[in-house]
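[1] one predicted model, sequence on top.
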Amino acid sequence: MNIKTKNLSTKQQGHIKKWQDDKGFGFIETTAGESVFFHVSAFRAQRRPEVGEQVVFTVGQDNQGRLQAKDVQELSFVQQKMAQKNNQIRQRNHKRSAQAEFEAGQKKRLFLGIGFYGVVILLAVMNKLSWLVIAWYVILGVITYGMYAKDKAAAQNGDWRTPESTLHLLSTLGGWVGALVAQTYLRHKSQKPEFRIIYYLTVIINLAGLLFIMVNGGDLTGLKALF
């Protein structure tokens, strides 16, 4: 295809075949073997052109309608910019994917917490669990969430932190739903594997304690056997 019949705005690739530095112009040979004139003012690098280097350009016209190369750029520079742009796109897509996964996880954790409260309330309605136990879980959940929020604020402000052992103790006593919500919505203590493992252990211990309470009458008097 002759270069005159191409879309003049299309990026083309070639190499500098001839360059007359004293006159400030030269010629680019395209991948199709055609020769295109270009002036030093069209070269975008902060240096003089060199014979043989690969370039990317568009074809335009001068004041007399003659074809010449415009916006001549080093191929390596263009490739580097494209790589940076592609990397930014990948990072942006990764963040969007991570955010979508996080939001999906939020819903699952929220449903888990609501489901747990729903089950214990149902057990209370069926007289298999004392309403004092329900109140205990709700109060401990709120307190635990507040402690997580306080610790996150302290971490951001460089203040005195709440010991992790305190947070785990609250979860063990029944505040694990509040801890779950805090980890999810405050994004606090949600990325530390060691902490998460111990947290899940506190959930198991607490549920075992709840089962023990139910076996022993369903009210807080069943806790006496634990001490």
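    Looks like it arrived, so ask away.

[2] just the element for the residue positioned nearest the centre of the chain, please.
    With the centre of the chain defined as its mean C-alpha position, the nearest residue by Cα atoms, centre = their mean is Lys95, 2.8 Å away. Following DSSP states H and E, one finds Lys95 within helix 75-125.

[3] off-centre distance for that helix?
    7 Å (Cα atoms, centre = their mean, to the nearest Å).

[4] which intervals of this protein have sub-threshold pLDDT?
    Residues of the chain meeting the criterion pLDDT under 70: 1-9, 99, 102-103, 106, 218-227.

[5] residue ranges for the helices of it, please.
    75-125, 131-157, 164-170, 176-185, 193-215 (DSSP state H).

[6] how about residues contacting the fourth one?
    Applying Cβ atoms under 8 Å, 6 or more residues apart in numbering, the external contacts of helix 176-185 come out as 105-106, 109-110, 112-113, 116-117, 137, 140-146, 148-149, 152, 167, 170-171, 188-190, 199, 202-203, 206. From N, CA and C alone the C-beta is placed, and that goes for glycine too.

[7] count of residues packed around the nearest residue to Tyr145 once chain neighbours are set aside?
    Counting by Cβ to Cβ, 6 or more residues apart in numbering, the nearest residue to Tyr145 once its immediate chain neighbours are dropped is Gly178, at 3.8 Å. Summarising burial for Gly178: neighbours were counted as other Cβ atoms under 10 Å, giving 25.

[8] from Thr144, how far out is Gly178?
    Using Cβ to Cβ, to the nearest Å, Gly178 is found at 4 Å from Thr144.

[9] which neighbours do these two have in common?
    With Cβ under 8 Å, 6+ apart as the test, Gly178 and Thr144 both reach Leu170.

[10] show me the beta-bridge partners of the closest residue to Gln20 other than its chain neighbours.
    By the measure of Cβ to Cβ, 6+ apart, the closest residue to Gln20 outside its immediate chain neighbours is Gly26, 6.0 Å from it. The bridge-partner assignment for Gly26, based on DSSP bridges, gives Trp19, Phe38.

[11] re the thing from before, weed out the non-buried ones from the contacts of helix 176-185.
    For the contacts of helix 176-185, a neighbour count by 16 or more other Cβ atoms under 10 Å gives the buried set as 109, 113, 116, 137, 140-141, 144-145, 148, 152, 167, 170-171, 188-190, 199, 202-203, 206.

[12] sorry, back to before: got the contact list for the residue nearest to Gln20?
    For Gly26, the contacting residues are 16-20, 37-38, 49, 51, by Cβ under 8 Å, 6+ apart.

[13] let's see it at 10 Å
    Listed by Cβ atoms under 10 Å, 6 or more residues apart in numbering, the contact set of Gly26 reads 16-20, 36-40, 43, 49-51, 69, 72.

[14] need the buried ones from those residues selected in PyMOL.
    In PyMOL, a selection of the buried entries from the contacts of Gly26 looks like this (16+ other Cβ under 10 Å):
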select buried, resi 16+19+36+38+43+49+69+72
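
[15] of the contacts of Gly26, closest to Met126?
    Of all the contacts of Gly26, Met126 sits closest to Val72, with 81.0 Å by Cβ to Cβ.

[16] so Leu75 is in contact with Gly14, correct?
    Yes - contact criterion Cβ atoms under 10 Å: Leu75 and Gly14 qualify, at 9.1 Å.

[17] which neighbours do these two have in common?
    54-57.
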